[in-house]
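**Q** starting from these lines, generate the structure:
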Amino acid sequence: MTRQPALLALLLAGIVAPALAQNAPSAPPSSTPPSSNSGPVSTLKTSTQLVVVDVVVTSKDQRPVHGLKAADFSLTDGKTPQIIKHFEEHTALTLADATKFPPMPPEPPGVFTNFSPAPANGALNVLLLDALNTPLRDQAFVRQQLLAYLKTIPPGMRIAIFGLTSRLIVLQSFTADPEVLKSVLTKSLGKASPVLDDTVGGQGIQNSMADTTEDDGADAVTVANLRQFEAQTQSFQLQLRAKYTLDAMNEIAHYLAGIPGRKNLIWFSGSFPVNILPDITGTQPDPFAAMASSEDEFRDTVNLLARSQVAVYPIDARGLFNSPVFDASTSRNYSGPKGIARMNQDQTKFFSDTAEEQGTMRAMAEATGGRAFVNTNGLTHAVADAIDEGSNFYTLTYSPANYQSDGKLHKIKVEVAQPGLNLAYRHGYYADPPASIAPAPHAPVQDAAVENPTGPSSLELMRIAMTRGTPIPTEILIKIAVFPTAPPAQTEDVVAQGNVLAPKAKGPYRRYDIAYAINPPDIAFLPTGGGKVRADFDLLVLVFDPDGAVVNSVSERIHVNAPRDEVIKAAIHGLQYRLQISAPAKGQYFFRIAVHDINLDRYGAVEVASSGVSKLTPPPAAPSPPAK
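**A** Residues are numbered from 1 along each chain as shown. Have a look, this model is predicted:
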């Protein structure tokens with residue numbers, strides 16, 4: 001071996017090395033990740049343009065319908081019938097199956113693993129807590145309902161939590177551990193929106209300065225000027241909310257584009273900005289008439305969401321609510337003849353705004369294959385229904401006849417032979433050239449066409465494995481220990497040896513020991529003759545700031561070339577190695593820790609927040625390498 005493993009007694013338990021002879025493949029297998037379905041994995045290899053359509057089929061009572069075959073579906077692109085080239089049903093674990101997987105025993109502080117006793121359950125799910133468009137009181141209601149839902153989460157359900165204020169942030173990367181999700185929701189305090197009127201009802205009905213002035217007998221010109229000023233202010237706030245919201249949706253679409261398979265975006269929001277996405281179902285003659293100045297951006301966003309297999313499930317965070325006109329806490333003056341007229345005006349505005357906002361929710365859901373939940377106080381059930389629907393679906397793939405990258409809207413229609421069923425799917429796509437979709441910063445966007453699912457390349461696999469917040473790969477099982485090398489009060493002005501610091505990173509720094517224990521059967525040991533075996537793999541650690549930018553990294557390539565018996569003896573407690581990484585001492589940072597088998601092109605990784613390890617007591621360890 002060209003590098004001797006460090007003996008780390010902390011990680012000896014829990015990993016056993018079977019015979020290495022069984023792990024010497026003659027050729028690396030396909031890098032295509034396994035499907036969420038329990039059936040066989042199908043790898044698509046084609047040079048033609050393919051369109052992927054996920055279809056959720058439910059009964060009249062909104063229960064998933066299983067067991068349909070490809071022959072039960074018919075699909076048209078425009079008015080042209082299409083041949084379904086690939087068909088697959090995806091199902092989530094049943095309640096009976098879920099009980100077969102006991103919960104993971106808790107690891108000691110500072111120890112992390114990517115092993116889960118339950119298989120990945122259905123699609124990926126993103127909970128978006130939208131503080132930009134949601135009053136503070138409703139944000140608290142959302143967290144309460146989500147905590148109730150997490151008490152019933154089935155094993156293997158992978159969920160991430162994002163937040164939106166004036167920008168998008170990752171509060172928790174994908175995990176199937178409900179305790180981690182509960183901790184994030186408990187610690188996540190609501191934030192007031194910088195551009196939302198948080199008055200009663202959240203509907204933009206204000207205690208108008210102009211109305212007060214009018215009641216006080218001000219002249220008509222003064223009242224008119226005040227009303228114009230207030231209208232301009234509200235319009236500006238609405239435009240900012242629409243822009244920030246659309247930017248966030250665009251970033252989410254880019255962020256999730258490189259992750260294979262379906263993703264369900266469960267969006268908790270209230271007082272939606274109206275008409276932020278085009279109507280591609282054909283009910284509006286000009287889907288971009290409301291905001292023609294941003295036509296290209298709106299079109300690209302809805303297109304990318306659908307092409308990235310992101311189905312949006314908006315949930316109105318306000319629950320079931322009435323007009324603020326009848327709220328006892330309102331200070332709006334409704335007395336006298338002018339008050340009655342004002343009440344009627346406010347009522348009309350309330351119903352108009354609510355209809356437009358909920359219409360936006362429904363249009364966004366329909367365009368991407370999701371479902372909107374409005375006028376309900378049962379947010380717990382809404383989340384459960386959204387995840388259940390989004391985890392039970394059929395994937396249909398077809399190659400459009402006479403496909404042209406003309407940038408035009410191509411409408412999709414899917415039907416089933418069995419009557420009385422409900423279908424939710426993307427209703428169209430814009431035939432843009434793949435190069436026209438620019439990748440977002442720090443996002444794992446595929447190099448090939450999104451509509452051409454030929455399986456992720458090696459570069460794409462690396463992006464998915466090493467991007468903060470993405471699902472952790474489990475092809476290589478690992479256990480990782482992360483501990484600071486010194487007490488919290490001790491910091492350094494330099495970083496550990498071998499670290500590659502970003503130009504804008506600033507000290508002081510804290511140094512951490514990263515101890516690896518790798519499951520030997522997951523690494524390819526290839527025979528080289530004379531009783532020897534060879535293995536080649538990389539150890540990688542990236543440090544991210546809260547915005548997803550890399551601030552530091554370290555890596556080391558391991559080459560093993562030794563007698564087979566010597567390797568078995570050394571690996572009996574797992575392949576053990578050690579790196580050191582430095583992170584800025586101030587603020588929250590995130591470690592993405594991975595191993596990459598070069599011969600198999602497989603990954604294993606974990607993600608660790610600095611706040612969870614920075615105050616731990618450093619264990620006895622070997623002397624630290626000299627500072628850089």
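**Q** ok, now which ones touch I598?
**A** Residues near I598 by Cβ atoms under 8 Å, 6 or more residues apart in numbering: D536, F537, D538, R557. No exception for glycine: its C-beta is placed from N, CA and C like everyone else's.
**Q** buried ones from those, can you make that a PyMOL selection?
**A** Buried members of these, defined by 16 or more other Cβ atoms under 10 Å, are picked up in PyMOL with:
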select buried, resi 536+537
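**Q** can you list the low-confidence ranges for the stretch 501-628 of the chain?
**A** 620-628 (pLDDT under 70).
**Q** all the strands of it, in order from the start?
**A** 509-518, 526-529, 532-544, 550-563, 575-584, 590-597, 602-609 (DSSP state E, counting those that start in this stretch).
**Q** over to the stretch 1-150 of the chain?
**A** 51-58, 73-77, 80-81, 84-90, 111-113, 124-130.
**Q** wait, which of those is closest to K413?
**A** With Cβ to Cβ, the closest approach to K413 among the strands of the stretch 1-150 of the chain belongs to strand 73-77: 4.8 Å.
**Q** what is the closest one packed up against?
**A** Judged by 3 or more Cβ pairs under 8 Å, 6 or more residues apart in numbering; DSSP states H and E, the packing partners of strand 73-77 are strand 51-58, strand 84-90, strand 393-398, strand 409-416.
**Q** packing partners of the third one?
**A** Other helices and strands packing on strand 393-398, by 3+ Cβ pairs under 8 Å, 6+ apart, are strand 51-58, strand 73-77, strand 84-90.
**Q** packed most tightly, which of these would that be?
**A** Comparing the helices and strands packed on strand 393-398 by mean neighbour count (mean count of other Cβ atoms under 10 Å), strand 51-58 comes out on top with a mean of 23.
**Q** what is the orientation angle of that strand with strand 393-398?
**A** Angle of strand 51-58 versus strand 393-398, following axes from the mean of the first three to the mean of the last three Cα atoms, to 10 degrees, is 150 degrees.
**Q** just the CA coordinates for strand 51-58, please, in PDB.
**A** Taking C-alpha atoms only, strand 51-58 is exported to PDB below (Å, rounded to 0.1, in the frame of the first residue of the first chain):
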ATOM      1  CA  VAL A  51     -38.800  13.700 -23.400                       C
ATOM      2  CA  VAL A  52     -39.500  12.300 -19.900                       C
ATOM      3  CA  VAL A  53     -43.000  12.600 -18.500                       C
ATOM      4  CA  ASP A  54     -43.800  11.600 -15.000                       C
ATOM      5  CA  VAL A  55     -47.500  10.800 -14.600                       C
ATOM      6  CA  VAL A  56     -49.300  10.600 -11.200                       C
ATOM      7  CA  VAL A  57     -52.500   8.500 -11.500                       C
ATOM      8  CA  THR A  58     -55.000   8.700  -8.800                       C
END
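**Q** please work out the average pLDDT along that strand.
**A** Strand 51-58 carries an average pLDDT of 94.
**Q** other residues contacting that strand?
**A** 64-65, 68, 73, 75, 77, 262, 309, 311, 369, 371, 389-390, 392-400, 412, 414, 416, 421-426, 429, 451, 453.
**Q** on that earlier part again, right, so of the strands of the stretch 1-150 of the chain, which gets closest to S610?
**A** strand 111-113 (12.9 Å).
**Q** what is the closest one packed up against?
**A** Looks like strand 111-113 contacts strand 478-484, strand 602-609 (3+ Cβ pairs under 8 Å, 6+ apart).
**Q** right, so of the ones you listed, which gets closest to P81?
**A** The minimum distance between P81 and the helices and strands packed on strand 111-113 falls on strand 602-609, with 40.4 Å, by Cβ to Cβ.
**Q** ok so, going back, just the buried residues out of the contacts of strand 51-58, in PyMOL syntax.
**A** To isolate the buried members of the contacts of strand 51-58 in PyMOL, using 16+ other Cβ under 10 Å:
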select buried, resi 64+65+68+73+75+77+262+309+311+369+371+389+390+392+393+394+395+396+397+398+399+400+412+414+416+422+423+424+425+426+429+451+453
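**Q** between the helices and strands packed on strand 111-113, which gets nearest to L256?
**A** For the helices and strands packed on strand 111-113, the distance to L256 is smallest for strand 602-609, at 16.2 Å, taking Cβ to Cβ.
**Q** contacts for the strand or helix carrying P314, please.
**A** According to DSSP states H and E, P314 maps onto strand 310-316. By Cβ under 8 Å, 6+ apart, the residues outside strand 310-316 that reach it are 54, 56, 249, 252-253, 256, 262-270, 272, 305, 358, 361, 364-365, 367-376, 379, 382-383, 386, 389-390, 424, 426.
**Q** switch to 6 Å and redo it
**A** 253, 256, 263-268, 361, 364-365, 368-374, 382, 386, 390 (Cβ atoms under 6 Å, 6 or more residues apart in numbering).
**Q** what would the helices and strands packed on strand 73-77 look like in a markdown table with distance to E179?
**A** As requested, the helices and strands packed on strand 73-77 are exported to a markdown table (distance: least, Cβ to Cβ, whole Å):
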| stretch | distance to E179 |
| --- | --- |
| strand 51-58 | 29 |
| strand 84-90 | 27 |
| strand 393-398 | 28 |
| strand 409-416 | 39 |
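**Q** right, and the ones you listed - which one's nearest I572?
**A** Of the helices and strands packed on strand 73-77, nearest to I572 by Cβ to Cβ is strand 84-90, at 39.1 Å.
**Q** please save the CA atoms from the closest one in PDB.
**A** Provided in PDB are the C-alpha atoms of strand 84-90 (Å, rounded to 0.1, in the frame of the first residue of the first chain):
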ATOM      1  CA  ILE A  84     -43.700   5.200 -25.600                       C
ATOM      2  CA  LYS A  85     -40.100   4.000 -25.700                       C
ATOM      3  CA  HIS A  86     -39.600   3.400 -22.000                       C
ATOM      4  CA  PHE A  87     -42.100   2.800 -19.200                       C
ATOM      5  CA  GLU A  88     -41.600   2.300 -15.500                       C
ATOM      6  CA  GLU A  89     -43.800   2.300 -12.400                       C
ATOM      7  CA  HIS A  90     -42.400   3.900  -9.200                       C
END
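**Q** so which of the contacts of strand 310-316 belong to helices?
**A** Among the contacts of strand 310-316, the members falling in helices (DSSP state H) are A253, L256, M361, M364, A365, T368, A382, A386, G390.
**Q** from T245, how far out is the second one?
**A** In this structure, L256 and T245 are separated by 17 Å, where distance is defined by Cβ to Cβ, to the nearest Å.
**Q** got it, and the last one?
**A** Separation of G390 from T245 (Cβ to Cβ): 21 Å.
**Q** returning to what we had before: would you tell me which of the helices and strands packed on strand 73-77 gets closest to I518?
**A** Distance to I518, taken as Cβ to Cβ, is lowest for strand 84-90 among the helices and strands packed on strand 73-77, at 30.6 Å.
**Q** and the closest one, which strands flank it?
**A** strand 393-398 (antiparallel) (DSSP bridges).
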